[in-house]
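>>> Quick check, what structure comes out for this input:
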Amino acid sequence: MDDIPLSLLFGFLSFLIILSAFFSGSETGLVSLNRYRLRHLTRIRHRGAMRANRLLDKPDRLIGIILLGNNFVNILAASIATIIGLRLYNETGIAIATGLLTLVILIFSEVAPKTIALLHPERFAFPATIILEPLLKIFYPIVWLVNVIANGFLKLMGVSFDTKEAQNLTSDELRSVVNEAGALIPRRHQLMLTNILDLEQVSVNDIMVPKNEIVGINLDQEWEEIIKQVSVSQHTRLPVFKSDINNIVGLIHIRNTIDILSNPESIKDSLLPYIRDAYFVPENTPLNTQLLHFQRQKRRIGLVVDEYGDIQGLVTLEDILEEIVGEFTSEPAGTIKDVHPQADGTYVIDGSANIRELNRTMRWNLPTTGPKTFNGLIIEHLESIPEPGTSVLISGYPIEIVQIKDNTVKTAKIDPTLIRIADDSTEHEDTESTDEP
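I've put the predicted structure just below:
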């Protein structure tokens, strides 16, 4: 060893430091690869991605070959640095060589390459696989022996080797991925995707048309009244019932009644052959499930029933689609029919307004865990039928009762300038007053 020139030893030491940087950066680059992008690149036959995917399929072998190479290179570099130190400064050179080599490896073989690989994993990892894959084949017996010993020890420690579960995303994690996509996915598309994920958290009774607002054909009415009602109907499908919606007969498509309505000699019974059996939906059915049911049953409208079989409302395919893509309406953006802006900046809201629709359109955060309508929220909070002029604060939203009709809140007013986030001490505050909140 004394016959080898120092220049050659320094050159070999530099080469080993570069190799150490290669192994360190390869490890970080391959581990930092986006697994979902990697699968996409693999499907389109990207060569670097295919090699990386093969290596990552067996992570214990990949880590084995990288650490085998890295440790061998670092130990050999330490030996050469020791020889150089002895030849230059005798025994003192050993300490000098150890300190300098530690600093050089830390900076140029660890921190720098790993930082680059972390910032640009594909640029580092894909070319590295060209060397790592054949190295794994050459040194496979050694790697296999090391892995057998290491994996056996890990099994004794109770470590699981099933990586599939760890790679699966929960709905909340997937929602975070969508929201962090940035410019890669347009904002409107991001909202649609997150709305799809939220469907399982919403049931049909959250979006249904309440029973008292269902528009249908009452067969107990006079024929002339039925013709007039159908002629001006804004809906393409109508429920048909006798006397009361609970006495449902079925559903009818207005298109099928055009010939009957235009024939002056037609009678009420001529509608009966066109009535289709009603389709009933349990009130707690999640929207994602109901969407699939509509598809399988070839239906677009269903009657929502409670546990006793009583009709509670009506839900349509359009209602569910609106939860995904937004309202299908000709109203100006940011408005709904149940909200009436006032000149003083306040809003008069119908008691029948759906709370989820209010929150979505007005960007409010009224409670949605209880009643579904604005009227129900107020009455549940007060636990009584309020008088006009009553003011109540619910979750930081000041509400003034404007009109009471048939034991329900017909209209109420909210002043957006007074809305505040309520703390625990004020969340359930309510006051009796004839003044504005």
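>>> can you pull the pLDDT of N90?
Note on N90: pLDDT of 80.
>>> hmm, which helix or strand of this structure has the shakiest average pLDDT?
strand 430-431 (a mean of 43; mean pLDDT, DSSP states H and E).
>>> Just the element for V249, please.
Assigned by DSSP states H and E, V249 belongs to strand 244-253.
>>> need the next SSE after that strand, C-terminal direction.
Next element after strand 244-253 (DSSP H and E): helix 258-262.
>>> Helix or strand: which one has the closest residue in space to A52 that isn't next to it in sequence?
Spatial nearest neighbour of A52, excluding adjacent residues (C-beta to C-beta, 6 or more residues apart in numbering): T129 at 5.2 Å. From N, CA and C alone the C-beta is placed, and that goes for glycine too. Secondary-structure assignment from DSSP H and E places T129 in helix 121-138.
>>> Can you give me the buried ones in that helix?
Neighbour-count burial for helix 121-138 flags P121, E122, F124, A125, F126, A128, T129, L132, L135, L136 (criterion: 16 or more other C-beta atoms under 10 Å).
>>> go on, stretch 307-316?
I311, Q312, G313, L314, V315, T316.
>>> can you confirm the fifth one is in a helix?
What it means is V315. No. Using DSSP: H, G, I helix; E, B strand; the rest coil, the assignment for V315 is strand, not a helix.
>>> Show me the domain layout of this protein.
6-167, 172-201, 205-318, 339-431 (automatic domain parsing).
>>> Just put those in a markdown table and tack on distance to I324.
Output for the domains of the chain, formatted as a markdown table (distance: least, C-beta to C-beta, whole Å):
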| stretch | distance to I324 |
| --- | --- |
| domain 6-167 | 23 |
| domain 172-201 | 5 |
| domain 205-318 | 9 |
| domain 339-431 | 12 |
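>>> which one of those domains lies closest to E327?
Among the domains of the chain, the nearest to E327 by C-beta to C-beta is domain 339-431 (7.6 Å).
>>> Centre of the chain to the closest one, how far?
Distance, stretch centre to chain centre, for domain 339-431: 29 Å (C-alpha atoms, centre = their mean, to the nearest Å).
>>> And the strands in the stretch 201-350 of the chain?
Ranges of strands in the stretch 201-350 of the chain, per DSSP state E, counting those that start in this stretch, are 209-210, 217-218, 237-242, 244-253, 280-282, 301-305, 311-316, 339-341, 347-350.
>>> A52: how many residues sit nearby?
26 (other C-beta atoms under 10 Å).
>>> swap in E323?
Counted with other C-beta under 10 Å, E323 comes out at 21.
>>> now it: how far from L382?
Per C-beta to C-beta, to the nearest Å, E323 is found 30 Å from L382.
>>> Who are the packing partners of the strand or helix carrying H189?
In this structure, H189 is located in helix 187-198 according to DSSP H and E. Applying 3 or more C-beta pairs under 8 Å, 6 or more residues apart in numbering; DSSP states H and E, one finds that helix 187-198 makes contact with helix 171-179, helix 317-325.
>>> most packed of those helices?
Highest mean neighbour count of the helices and strands packed on helix 187-198: helix 317-325, a mean of 16 (counted as mean count of other C-beta atoms under 10 Å).
>>> Quick one: mean pLDDT for that helix?
When pLDDT is averaged over helix 317-325, the result is 88.
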